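[1] Next comes the sequence, and after it the predicted model I'd like to discuss.
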Amino acid sequence: MAIVRFFGKPDLFITFTANPNWPEITAEGQTGTDRIDLVARVFNAKLKALLEDLRGGLFGKFKGIVRTTEFQKRGLPHAHILLFLDCNSKLNTPEKINKAVCAEIPDPVEQPALYETVTKHMMRSPCGELNPNAPCMKMDKCTGQLKWP
C-alpha cells in the first residue's frame with residue numbers, strides 16, 4: 001500500500017518466467033532439472049536485461065519499478081514486475097495500447113521466428129475429447145494447468 005501511495009496505481013504488471021529449454025541451458029546437453037543453478041543464472045541474466053530495457057524506456061519514461069522473484073513448485077524462478085509510468089507515457093488511449101500490446105498470431109511468412117515462439121510457448125493445443133493426451137488433461141478432464149515436460 002505504501003508503494004501505491006507513493007507512485008500511484010501501477011500501469012503494467014509483467015510476469016517473466018524461466019524456460020528450462022533456453023539455448024543457454026540446453027546447449028551443453030543439460031536440462032533444467034540437471035542444473036537448477038544454471039537455470040537460476042540464466043534467468044537472472046535475462047531478467048537483468050529485461051529490467052535494463054524497461055529502465056531504458058521500452059514503454060516510455062517511468063516513475064518506478066518494483067519486482068519480486070519467486071520459485072514455482074518445480075523450482076523454476078519467475079519474477080513479477082510492477083511498472084509505474086510517467087504521466088506522458090501512460091497507455092491511456094487505444095492507439096498507445098495497440099502499440100504496446102498485441103493479441104494476434106504473427107504472420108508465419110513475415111515473422112517466422114516470432115510465429116514459432118508464439119505458437120510453441122503461448123498457445124494451448126486443443127484438449128478434452130479432441131486431444132485426450134494434452135498436458136492439461138487429468139482423468140479425462142481439462143485441469144486448466146499445463147505440465148512441464
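    Sure, I can see it.
[2] hey, let's count contacts and neighbours off CA atoms from now on
    Will do.
[3] tell me the domain ranges of this protein?
    2-101, 104-149 (automatic domain parsing).
[4] helix/strand/coil for the one residue sitting closest to the centre of the chain?
    Closest residue to the average C-alpha location of the chain: F16 at 3.9 Å, with CA atoms, centre = their mean. Applying DSSP: H, G, I helix; E, B strand; the rest coil to F16 yields a three-state assignment of strand.
[5] Can you read off the pLDDT for it?
    At F16, the pLDDT value in this model is 93.
[6] before we move on, back to that, ranking the domains of the chain by burial, who's on top?
    domain 2-101 (a mean of 14; mean count of other CA atoms under 10 Å).
[7] May I have the distance across it, first residue to last?
    Its start and end residues considered, domain 2-101 measures 29 Å (CA to CA, to the nearest Å).
[8] weakest of the domains of the chain in terms of mean pLDDT?
    domain 104-149 - the lowest mean pLDDT of those, at a mean of 77.
[9] which other residues reach whichever helix in the chain runs longest?
    The longest helix of the chain (DSSP state H) is helix 36-55. Helix 36-55 has contacts (CA atoms under 8 Å, 6 or more residues apart in numbering) with 16-18, 20, 24-25, 32, 61-62, 75-77, 79.
[10] Show me how far it is from its chain's centre.
    12 Å (CA atoms, centre = their mean, to the nearest Å).
[11] counting contacts, what elements does the helix or strand just after it pack onto?
    Once the chain leaves helix 36-55, the next helix or strand it forms, by DSSP states H and E, is strand 62-71. Packing partners of strand 62-71 (3 or more CA pairs under 8 Å, 6 or more residues apart in numbering; DSSP states H and E): strand 77-85.
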